[in-house]
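Visitor: sequence and predicted structure are below.
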Amino acid sequence: MAETVLELRDVKKVFSDGTEALKGITSTVKKGELVSIIGSSGAGKSTLLRSINRLNDPTGGEILFQGKNILSFKRRDLRQYRRHMGMIFQGYNLVKRSSVIQNVLHGRLGYMNTLSGGFGHFSKEDSFYALEVLSRVGLKDQAFKRADELSGGQQQRVGIARAIAQNPDILLADEPIASLDPNSSWNVMNYLKQISKEDEITTIVNLHQVDFAREFADRIIGVKAGEIVFDGPPAHLTERKTQMIYTT
Ligand SMILES: Nc1ncnc2c1ncn2[C@@H]1O[C@H](COP(=O)(O)OP(=O)(O)OP(=O)(O)O)[C@@H](O)[C@H]1O
């Protein structure tokens with residue numbers, strides 16, 4: 001049985017305007033597991049993902065990582081904790097005018113003297129490492145192009161490379177394929193899955209496309225109005241259960 005990497009206990013989020021975005025989420029995620037979170041717009045998927053790396057702060061419950069409640073972390077511990085998390089965004093969040101390899105090296109910043117990293121001084125080892133990571137997403141030959149010269153799908157693969165250059169234990173992807181055509185979406189999900197399996201990186205992906213969740217996830221969590229209403233392998237997600245998740 002794989003070890004538990006993340007444990008959520010009764011996680012709640014009430015925004016300052018009174019919106020109850022998470023109403024008590026309890027779940028555990030194992031090492032190397034690829035979990036897809038699905039649910040309709042406003043269900044709480046982003047809030048859940050952003051709670052895991054504390055981009056927003058839950059108002060109740062606990063999130064345990066390596067046995068510690070990360071919700072009690074202050075600055076230094078939080079910074080250390082975030083080094084374990086690779087983030088992948090819908091809009092890629094690349095530095096468009098920088099080269100592909102520079103973007104990947106930004107993923108290494110957490111490991112470097114911030115001063116040299118901030119000035120773009122990366123060691124030879126770091127550069128070799130970045131090229132190796134780029135070849136894992138099929139982009140080694142694009143390393144010295146400007147990021148904005150790449151297609152959307154390629155840019156998202158740079159986003160994946162940047163996240164894994166950080167050597168994370170957990171990858172968090174918030175709708176990584178929402179802006180991509182089906183073919184590029186398939187490629188991006190395939191690379192994510194491949195890397196998650198090869199490196200045993202726990203990967204949590206918010207998806208709007210149920211078909212992709214079915215094809216690539218080990219496990220699907222259905223969220224509806226801030227609560228988990230389905231949690232199981234894709235094979236257990238029947239048409240009826242899918243409808244239940246999406247009907248309000
Ligand atoms: N900063 C905020 N202040 C107040 N309410 C918020 C805030 N952010 C999100 N919400 C609300 O919390 C609920 C959950 O939003 P969330 O963005 O997590 O949903 P989602 O499932 O990710 O939706 P989508 O698929 O459209 O991205 C929604 O009702 C949303 O309006």
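Guide: Looks like it came in fine.

Visitor: which one is residue 99 nearest to, not counting chain neighbours?
Guide: residue 144 (5.4 Å; CB to CB, 6 or more residues apart in numbering). Every C-beta, even on glycine, is put in place using the N, C-alpha and C of the backbone.

Visitor: wasn't that neighbour part of a helix?
Guide: No: going by DSSP: H, G, I helix; E, B strand; the rest coil, the assignment for residue 144 is coil, not a helix.

Visitor: around the ligand, pick out the residues from this structure.
Guide: Proximity of the chain to the ligand is confined to 15, 17, 19, 21, 39, 41, 42, 43, 44, 45, 46, 47 under the rule CB under 6 Å from any ligand atom.

Visitor: and these, which two are the farthest apart?
Guide: Using CB to CB, the pair of these lying farthest apart is 17 and 39, separated by 20.7 Å.

Visitor: now name the helix or strand holding the residue most central in space within the chain.
Guide: Centroid check for the chain by CA atoms, centre = their mean gives residue 172 as the closest residue, at 1.4 Å. Assigned by DSSP states H and E, residue 172 belongs to strand 170-174.

Visitor: how far does that strand sit from the chain's center?
Guide: Taking CA atoms, centre = their mean, to the nearest Å, one finds strand 170-174 lying 1 Å from the centre of the chain it belongs to.

Visitor: same check on stretch 238-248?
Guide: The answer for stretch 238-248 is 24 Å, by CA atoms, centre = their mean.

Visitor: okay, that stretch in PDB with CA atoms only?
Guide: C-alpha atoms of stretch 238-248 as PDB (Å, rounded to 0.1, in the frame of the first residue of the first chain):
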ATOM      1  CA  THR A 238     -21.200   5.900 -14.100                       C
ATOM      2  CA  GLU A 239     -23.200   8.300 -16.400                       C
ATOM      3  CA  ARG A 240     -25.700   8.600 -13.600                       C
ATOM      4  CA  LYS A 241     -23.000   9.600 -11.000                       C
ATOM      5  CA  THR A 242     -21.500  12.100 -13.500                       C
ATOM      6  CA  GLN A 243     -24.900  13.700 -13.900                       C
ATOM      7  CA  MET A 244     -25.400  13.900 -10.200                       C
ATOM      8  CA  ILE A 245     -22.100  15.700  -9.900                       C
ATOM      9  CA  TYR A 246     -23.000  18.300 -12.500                       C
ATOM     10  CA  THR A 247     -26.700  18.900 -11.800                       C
ATOM     11  CA  THR A 248     -27.300  21.600  -9.200                       C
END
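
Visitor: strands of the chain, start to end?
Guide: For the chain, the strands defined by DSSP state E cover 4-14, 20-30, 34-38, 60-65, 68-69, 85-88, 170-174, 202-206, 219-224, 227-232.

Visitor: contacting residues for residue 164?
Guide: 86, 107, 133, 136, 171, 195, 199, 201 (CB atoms under 8 Å, 6 or more residues apart in numbering).

Visitor: just checking, the fifth one touches residue 200?
Guide: No: with the criterion set as CB atoms under 8 Å, residue 171 and residue 200 do not qualify as a contacting pair; they are 11.2 Å apart.

Visitor: between those two, who's got more neighbours?
Guide: Remark: of residue 171 and residue 200, residue 171 carries more neighbours, 24 against 15, as counted by other CB atoms under 10 Å.

Visitor: quickly list what the more buried one is bridged to.
Guide: Assessed by DSSP bridges, residue 171 has beta-bridge partners residue 86, residue 203.
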